[in-house]
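Asks: Starting from these lines, generate the structure:
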Amino acid sequence: AYTIRENATSTDTTPERLKKHVYKLAHEIGERNIRNYSRLNEAADYITDQFRSLDYKVDFQVYRIRDKYFKNIIVTKDGNKRPDEIIILGAHYDSKNNPGADDNASAIAGLLEIARALKDTKTDRTIKFIAFTNEEPPFFKKKHMGSMIYTKAAVKNRDNIKGAVILEMIGYFSNKPRSQRHPLGFSFSYPTIGNFIGAMGGSKSKRILKYIVWSFRRATKFPIEWMVVPRLVLGVGMSDDWAFWKTGFPVVMITDTAYFRNPNYHKRSDTYDTLNYENMSQVVKGITASLRTLAR
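Replies: As a prediction, the model looks like this:
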């Protein structure tokens with residue numbers, strides 16, 4: 001059995017940087033959505049500044065809903081040999097009616113730190129790092145969901161997206177017995193202790209899912225569980241991966257399994273101090289390795 005590490009002082013600065021990002025988004029900015037429009041824009045500005053501090057060029061996909069403007073934040077790392085082939089790493093930066101530390105500041109923190117880790121890495125394929133807006137209600141699975149805006153445009157532009165990896169809640173872990181629940185029919189096949197990260201996708205995504213898990217396990221001993229599942233299974237397609245499923249692109253979601261584990265899901269108690277940044281850093285390490293493999 002694998003016992004997850006508790007937060008501790010580390011010579012590796014990745015946990016501290018992850019915590020800084022989550023603290024900024026969830027504690028200093030807080031609830032960020034259409035009802036808290038200025039805070040949503042403040043979060044977008046923070047993410048933009050972080051990308052630019054790494055010397056990335058930042059582009060925006062801006063769209064309008066009534067009298068307000070929203071934007072997906074896009075960074076493109078051009079491939080050297082097959083730049084027309086695209087791998088996407090994405091996460092949403094809005095929250096529901098809560099601080100949204102795990103959901104989804106944790107994933108934005110991961111997105112930023114993976115972009116940092118890959119900054120000087122040469123890749124054959126192009127990687128796009130995307131912070132999506134408006135994943136949460138009232139836009140979830142609607143036409144104004146940020147990832148749906150993006151994927152529809154990608155279809156129209158005939159973008160050659162070879163695969164997308166969506167980060168959705170990557171910071172909550174537990175060593176307690178029966179801390180992990182599962183969709184109906186999966187309880188006998190997967191752990192009942194919430195000390196792992198999950199990876200899931202449909203049959204069309206099976207190949208990249210295997211590459212992700214293989215690369216992850218070579219990079220870190222932190223446990224990853226994976227499954228190929230139909231979209232109708234409860235919990236699947238419950239993030240920006242839905243937009244990629246809907247438009248036909250291969251997509252894998254990386255998640256701590258949300259409400260199947262985290263008791264703070266969509267509650268005011270989803271705060272920065274409930275997350276484990278040491279373990280998040282291992283997830284970042286593993287997914288960074290996975291992106292290197294996919295981009296080759």
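Asks: Would you mind measuring from S239 to E136?
Replies: 10 Å (Cβ to Cβ, to the nearest Å). C-beta: built from backbone N, CA, C; applies to glycine.
Asks: between the two, which one's more packed in?
Replies: For S239 versus E136, the count of surrounding residues by other Cβ atoms under 10 Å is larger for S239: 29 against 22.
Asks: now the helices: where do they sit in the protein?
Replies: Secondary structure of the chain, counting by DSSP state H: helices at 14-22, 37-53, 106-117, 146-156, 206-219, 241-247, 277-294.
Asks: Could you single out the most deeply buried of the ones you listed?
Replies: Of these, the one with the most neighbours on average (mean count of other Cβ atoms under 10 Å) is helix 106-117, at a mean of 26.
Asks: So what touches it?
Replies: 14, 17-19, 21-22, 25, 47, 50-51, 54, 56, 75, 77, 89-93, 129, 131, 167-172, 256, 275, 280-281, 283-284, 287-288, 291 (Cβ atoms under 8 Å, 6 or more residues apart in numbering).
Asks: Could you rerun that using 7 Å?
Replies: If you take Cβ atoms under 7 Å, 6 or more residues apart in numbering as the criterion, helix 106-117 is touched by 14, 17-18, 21-22, 25, 47, 50-51, 54, 56, 75, 89, 91, 93, 129, 131, 167-171, 275, 280, 283-284, 287-288, 291.
Asks: what's the answer for stretch 210-226, then?
Replies: 2, 165, 190-191, 195-200, 209, 252, 279, 282-283, 285-287, 289-290, 293-294.
Asks: same thing but 6 Å
Replies: Outside of stretch 210-226, the residues within contact range by Cβ atoms under 6 Å, 6 or more residues apart in numbering are 2, 190, 196-199, 209, 252, 282, 285-286, 289-290, 293.
Asks: Out of these, which two sit at the greatest distance?
Replies: Greatest spatial distance among those (Cβ to Cβ): Y190 and T293, at 23.9 Å.
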